[in-house]
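J.: need coordinates for the below:
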Amino acid sequence: MKKALIIVAHGSRMESANNETLAFIEGVSSKLANYSEIVSAFLEFRKPDLKTSIDALTEKGIKEIVVFPFFLSGGSHLRDIENCISEAKNTHRGVTFLITSRLGVLNELEDFLVKYLNEFSRL
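T.: Okay, the predicted model is just below:
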């Protein structure tokens, strides 16, 4: 079964910030092997939006879509993602959608930050 990953970011009015996000997503994507497609989506200020990314993947025959919210904190945009996935389930019957935990709740991120800041303080 073809499985895809959508990394969903907020988006910015500043194109340079969007480019940084896209470069990060591309770097992550180049290190993942379990997905036949890896794409980005944005909730504001940048395209493609989440619905467009979902539609494009399903047109390619993708039957499982994993959505990763690239957000440190919770908030209304997580609800926006959930609402979009709910609508997509009705539109794209036969496609499985999974939403991962958001970036900010990953223990590994906390551990990385502690290690980084400890090392930085030694400079």
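J.: show the average pLDDT along the host helix or strand of residue 90.
T.: Residue 90 is located in helix 76-91, with elements delineated by DSSP states H and E. On average, the pLDDT along helix 76-91 is 96.
J.: now do stretch 33-41
T.: Regarding stretch 33-41, the rounded mean pLDDT is 94.
J.: equivalent analysis for stretch 101-120, please.
T.: This predicted structure assigns stretch 101-120 an average pLDDT of 93.
J.: cool, and stretch 1-20?
T.: pLDDT averaged over stretch 1-20 gives 95.
J.: ok, and for that stretch, which residues are buried?
T.: 3, 4, 5, 6, 7, 8, 9, 10, 11, 12, 18 (16 or more other C-beta atoms under 10 Å). For every residue, glycine as well, the C-beta is placed using N, CA and C.
J.: pick out the most distant pair among the residues you listed.
T.: Across the buried residues of stretch 1-20, the longest distance by C-beta to C-beta is 28.6 Å; it joins 3 and 12.
J.: by contact count, what packs against the helix or strand where residue 51 lies?
T.: Here residue 51, judged by DSSP H and E, is contained in helix 50-59. Here helix 50-59 touches strand 3-9, strand 37-42, strand 64-69, helix 76-91, going by 3 or more C-beta pairs under 8 Å, 6 or more residues apart in numbering; DSSP states H and E.
J.: need these in a markdown table with distance to residue 107, can you?
T.: Below are the helices and strands packed on helix 50-59 laid out as a markdown table (distance: least, C-beta to C-beta, whole Å):
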| stretch | distance to residue 107 |
| --- | --- |
| strand 3-9 | 19 |
| strand 37-42 | 23 |
| strand 64-69 | 16 |
| helix 76-91 | 19 |
